[in-house]
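Novice: Sequence first, then the predicted structure, then my questions.
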Amino acid sequence: MGNRQIILKISKHTVVLVTFILLCLLLYSLSLKSEFHFDDYLYIVNAPGIRVVDNIFRKILSNPFLPDRSIVEYSFALNYAFSGLSRFGYQLVNILIHAGNTFLVYLILNRMLGQNNGPGSEGAAEKKRIFPVAVLCSLLFAAHPLAVNSVAYIAQRHGLLATFFFLSSLYTFMRVESVKGAAAGILYGLTFLFYILAIHSKPMAVTLPLLLILYWFLFQAHVRKSNAVRVLGCSAVAGLFLFCTGLHVLHSGIITETSMTAGFTATNLWSPMVQFMTESKVLLQYLKIIFIPLPGWLSADRAYPLTQTVDMGLLGVWLFHCLLLLTGWVSYKKGFRGIAFGIFWVYITLSPYLFVPVQDLMVDYKTYLPSVGVMMILADGSYGIAKRYQTNGTLCLLSVILVFFVWANRDRQLTFQTELSFWDDVIAKEEPRARPYNNRGLSYKRQGKYLLALEDFKKTVQIAPGYYLGYANAGDVYLKTGRPVEAMQCYEIYKNLRPDHADAYIRLGNACAAAGDWKSAASHYYRAAELDGSSVDAWYNLGLAWAQSGEWDSAEKALTRALGVDPLYYKALGTLGSVKFSTGHVEEAAALFKEALSIQPDYADALYNLAVYYVRKGQLEEAYRQAERLQQAAPKAGRDLLERLNGRSR
């Protein structure tokens, strides 16, 4: 290939990339105005870990073969460093990653279709036919209504980033066949690097080695000119990948009967056989909504019943899967390698869910990576028909499907606009369940609509009397509205349902503190610390309760324990400063207030106490400066302090 051809090829791909970015920004513009949802609060809003940009590479290198989600956490930390909790920045990054994934799908389809029928398919006429098919199928991936669950739902960046590195690894592996010497070694190295990054984005990326082996078998093993060195290189890479995957399997314990840990907390749920039978049916549902994503069939939170016995329905499902896998094999033998690869892709990328018991049996965002396989099926099928019958009818059909996808995608984004619209959609489409009502209640609570929140929490425990979160959240509403007695009653039920939960005792302690009973509060916090010595909230609140009771030594010990768990817990630093101040250690106190403010600059208590410290030191100018900062963080408290300082100066 001459230099001119290389430049033209690069220019074409650059135009495609820029076009995909602009189209994705336009397509997902509605989501830029959305709110945080559900797990966004766990991973972003209430996640202290993202407040500090840690050395991600040190963490990965310390255990490179143990899958986790550290890269995603690091990306959230970078978002927070640039824009705090402004959702726009997080959403923009998600859209850009999705655009990158769309471009990678295009590159993979473009190359796959070119290799599908050997060297003969590289002619100019065939290239002209391949390009629009690859572009249209990539746009179908970009606009698929199911993709909204991954793009508009910020917490699902796990899937977006894992897919980005997953596809990058596959594409670099595909490129090996076209280069020689050191360049091939570099591509092998990049393939492995992207794999490591993928499993550190989402553990389910461990399926990549199987797909690399499958790709080599379908597209390269049959070509005679594949020399022994390349075969050896592919085998070495695949072997290394499988070795890493084996390490993960042994470490995670997924070969045990009922305890599974593949990126999830180990929980005794049900046996792998029950999981396999249930997920066999779920997989059929996934195929249905990927191929026919009607808005009424899509839901962000589903309840799917367990299948615990083999019946005729399950046998029929297994027969369907066998026939579909057989179709993949026949497609390969008939020369439709893209269709074969796409069918096997769907099954392999979903295979971990077939055996790893997890609480959520069917979740729409799990279809993000498998849907790439469906695009391969559509691309190879459309290209094969167009080539055989010399028609552009398939392009017209793909365009019509794309128009439908765009409409359904925009409609789906409206569901993700607010927390309430998110959970209203789930409640409207699903049978009455506790979790949707509980989470809609939390949405009302965040908006200050406490009566509506309380109604939903009552509905939650009415549907499922053993759903402890309903009682916990109802207690929080009672506490927020100045009804500590009712709050204690709810927390007592929570404690009786989950006597081993430290959180139940923390909430009971909060209710006692609100009632002014600090000694009872301290006893509950102490019990919480006994149950969970790593709970920073338990130790912090225990220190606070003892400080309110005037037990300074005990308070200092508890707050020190809290900081031992989380050195960046600014409230513990500030409260320990107050304890030091009360016991006459004013310089130590001032240092603690300053440290707390370095972590949380608008921490009102620390600003107030630091101003008092400067007044005591006679540094009124510095005291005024802290009071002005306090006025920005807490206007009323700041104004009151400034009035007192003005009176003092007069």
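Specialist: Right, received. Where do you want to start? Numbers count the residues shown, from 1 in each chain.
Novice: what ranges do the strands span in the stretch 551-650 of the chain?
Specialist: With DSSP state E, counting those that start in this stretch, there are no strands along the stretch 551-650 of the chain.
Novice: Assign a three-state SS to residue 189, would you?
Specialist: For residue 189, the assignment made with DSSP: H, G, I helix; E, B strand; the rest coil gives helix.
Novice: which ones are touching it?
Specialist: Listed by CB atoms under 8 Å, 6 or more residues apart in numbering, the contact set of residue 189 is empty. (Each C-beta comes from the backbone N, C-alpha and C, glycine too.)
Novice: Next: residue 106.
Specialist: Per CB under 8 Å, 6+ apart, neighbours of residue 106: 16, 20, 134-135, 138.
Novice: tell me which helix or strand of this structure sits lowest on mean pLDDT?
Specialist: strand 259-260 (a mean of 33; mean pLDDT, DSSP states H and E).
Novice: Return the distance of residue 69 relative to residue 380.
Specialist: Noted for residue 69: a distance of 33 Å to residue 380, by CB to CB, to the nearest Å.
Novice: My error: substitute residue 492 in the last question.
Specialist: Computed as CB to CB, the residue 492 to residue 380 distance reads 62 Å.
Novice: For the two, indicate the residue with more neighbours.
Specialist: Neighbour totals were compared for residue 492 and residue 380, and residue 380 leads with 25 against 16 (other CB atoms under 10 Å).
Novice: surely the more buried one meets residue 342?
Specialist: Yes: assessed by CB atoms under 8 Å, residue 380 is found in contact with residue 342 at 6.8 Å.
Novice: ok, which stretches of the chain are strands?
Specialist: Under the criterion DSSP state E, the chain contains strands at 259-260, 267-268.
Novice: which ones are touching residue 592?
Specialist: Neighbours of residue 592 in contact, by CB under 8 Å, 6+ apart: 573-574, 576-577, 580.
Novice: So which of the residues you listed are in helices?
Specialist: Under the assignment DSSP state H, the contacts of residue 592 contribute 573-574, 576-577, 580 to helices.
Novice: Export the residues you listed as CSV, with columns for neighbour count, distance to residue 291 and pLDDT.
Specialist: Listed next are these as CSV, based on neighbours: other CB atoms under 10 Å; distance: CB to CB, whole Å; pLDDT from 0 to 100:
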residue, neighbour count, distance to residue 291, pLDDT
573, 25, 55, 93
574, 27, 56, 92
576, 27, 59, 93
577, 27, 61, 92
580, 21, 65, 91
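Novice: Out of those residues, which comes closest to residue 623?
Specialist: residue 577 (16.1 Å; CB to CB).
Novice: how near is that closest one to residue 31?
Specialist: 42 Å.
Novice: Over to residue 309?
Specialist: 42 Å.
Novice: Look at these two and report which has more neighbours.
Specialist: Legend: neighbour count by other CB under 10 Å for residue 309 and residue 31, higher for residue 31 (24 against 8).
Novice: Residue 71 against residue 203, yeah?
Specialist: No: using CB under 8 Å, residue 71 makes no contact with residue 203, being 11.8 Å away.
Novice: For the residue lying closest to residue 456 once chain neighbours are set aside, give me the pLDDT.
Specialist: In space, and not counting its chain neighbours, residue 456 is closest to residue 441: 3.3 Å by CB to CB, 6 or more residues apart in numbering. On pLDDT, residue 441 comes in at 95.
Novice: since we're on residue 441, how many residues are nearby?
Specialist: Residue 441, neighbours per other CB under 10 Å, totals 28.
Novice: Kindly report the same for residue 146.
Specialist: Other residues close to residue 146 by other CB under 10 Å number 23.
Novice: any weak-confidence spans in this protein?
Specialist: Low-confidence segments of the chain, defined by pLDDT under 70, span residues 1-10, 52-65, 116-127, 221-268, 647-650.
Novice: Looking at it, which helix is longest?
Specialist: Taking DSSP H as the criterion, the chain has its longest helix at helix 87-116.
Novice: Pull out the buried positions in that helix.
Specialist: Buried residues in helix 87-116, counted by 16 or more other CB atoms under 10 Å: 87, 89-95, 97-116.
Novice: Over to stretch 417-436?
Specialist: Buried residues in stretch 417-436, counted by 16+ other CB under 10 Å: 417-420, 422-423, 425-427, 429, 433-436.
Novice: Any chance of these in CSV with distance to residue 46 as columns?
Specialist: Shown next, in CSV, are the buried residues of stretch 417-436 (distance: CB to CB, whole Å):
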residue, distance to residue 46
417, 22
418, 19
419, 14
420, 19
422, 18
423, 18
425, 24
426, 21
427, 24
429, 28
433, 24
434, 21
435, 18
436, 20
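Novice: biggest separation within the residues you listed, which pair?
Specialist: Using CB to CB, these span at most 24.1 Å, a distance reached by 417 and 434.
Novice: Number of residues surrounding residue 496?
Specialist: 11.
Novice: and what of residue 218?
Specialist: Residues contacting residue 218 under the criterion other CB under 10 Å number 20.
Novice: Can you give me every residue that contacts the nearest residue to it once chain neighbours are set aside?
Specialist: With CB to CB, 6+ apart as the criterion, residue 218 has its nearest non-adjacent residue at 4.7 Å, and that residue is residue 337. Residues in contact with residue 337 (CB under 8 Å, 6+ apart) are 112, 115-116, 218-219, 331, 380.
Novice: Of those, which pair is most distant in space?
Specialist: Going by CB to CB, the pair spanning these furthest: 115 and 331, at 15.0 Å.
Novice: Touching, residue 624 and residue 643? I think so.
Specialist: No: Residue 624 lies out of contact with residue 643 (CB under 8 Å); the separation is 11.9 Å.
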